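[1] Need a 3D model of the following:
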Amino acid sequence: MESGISIGEGAVWVLAWFGFMLLYTLLDVAVWRKIAPRSAKLLRLISVVLCMGCFWMLLQTKAHFQLDLSHGVSPLGILLAVLCAGVLYCLLDRCLDPIFERMLPGSEERYQETLQSLREAPVTSFLQVCVLAPMMEELLMRGFLLGGLSLRYGNTAALLLSSVVFALLHFNMVQTLSALTCGLVLGLLYLETGSVLCRITAHASYNAIFFFTMILPRRRES
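    Okay, the predicted model is just below:
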């Protein structure tokens, strides 16, 4: 990582993670829901954790990617991360998302189906949405991809490339358009602070705001 990574190398590792995503999704749909439907959500969560652990070990051993969580951490950086989460919520959930939803009704319908699935198991959903996803996405997208590409291609190109890849991994156009904006903001936070922990804090805080304002209230209503 001292000399950065190429676009090809970055693509290989993103595809590798995509393979792990397919694996835990396939296990959920084809195995856990059939043999243990009542425990399927928990088994999916365990599968996600195991896949994350295996991928992280591969990234460390094969790509020689080492990360210092304490690097760049400061009270100001943490405060900036929390403020960033609030800005993302106002910008995306209150401003842009309603526009995207009207533009893409088909994608919005599938998105609502995903939200309903999350409401069915709020505890495991919280752990996946607000803890595991922010951690993995920040380590891969900003820590490895943005950090590695910036050393070789410069900050601007690396920010754009990593944000586009981050958006594409959300697979739904409503989420993809929002994720592109989110990726740009979180990438700028990384370039400003250089802190992995600040990025994870911002991402997790934003997801938590979304979870407690968009998922739990509607679950209580139903």
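[2] per-residue confidence for residue 101?
    In this model, residue 101 is scored at 79, pLDDT.
[3] hang on, I meant residue 113
    81.
[4] What count of nearby residues applies to it?
    Using other C-beta atoms under 10 Å, residue 113 has 10 neighbouring residues. Where C-beta positions appear, they are placed from N, C-alpha and C, glycine not excepted.
[5] Which helix or which strand is home to the residue nearest in space to the middle of the chain?
    In the chain, the C-alpha nearest the mean C-alpha coordinate belongs to residue 137, at 4.0 Å (C-alpha atoms, centre = their mean). Remark: residue 137 resides in helix 133-137, with elements defined by DSSP states H and E.
[6] starting at the chain centroid, how far to whichever helix or strand comes after that helix?
    For helix 133-137, the following helix or strand on the C-terminal side (DSSP H and E) is helix 147-153. Going by C-alpha atoms, centre = their mean, to the nearest Å, the spacing between the C-alpha centre of helix 147-153 and its chain's C-alpha centre is 20 Å.
[7] What are the buried residues along helix 147-153?
    Going by neighbour count (16 or more other C-beta atoms under 10 Å), the buried part of helix 147-153 is 147-150, 153.
[8] can you check stretch 28-36 too?
    28, 32.
[9] Between the two ends of it, how far is it?
    Separation of the first and last residues of stretch 28-36 by C-alpha to C-alpha, to the nearest Å is 10 Å.
[10] One more: stretch 24-42?
    So stretch 24-42: terminal residues 12 Å apart, C-alpha to C-alpha.
[11] So in the chain, which helix runs the longest?
    helix 40-62 (DSSP state H).
[12] give me the number of residues near residue 205?
    By the criterion of other C-beta under 10 Å, residue 205 has 21 neighbours.
[13] and it, helix, strand or coil?
    helix (DSSP: H, G, I helix; E, B strand; the rest coil).
[14] Helix or strand: which one has the closest residue to it other than its chain neighbours?
    Leaving aside its sequence neighbours, residue 205 sits nearest to residue 85 (C-beta to C-beta, 6 or more residues apart in numbering; 3.5 Å). Residue 85 is located in helix 75-88, with elements delineated by DSSP H and E.
[15] Mind checking what helix or strand follows that helix in sequence?
    The helix or strand immediately downstream of helix 75-88 is helix 97-103, counting by DSSP H and E.
[16] elements contacting that following helix?
    helix 105-119, helix 173-193 (3 or more C-beta pairs under 8 Å, 6 or more residues apart in numbering; DSSP states H and E).
[17] Those: which one's closest to residue 60?
    Comparison of the helices and strands packed on helix 97-103 against residue 60 by C-beta to C-beta identifies helix 173-193 as nearest, at 19.5 Å.
[18] if I pick residue 129, what's in contact with it?
    118, 207, 210-211 (C-beta atoms under 8 Å, 6 or more residues apart in numbering).
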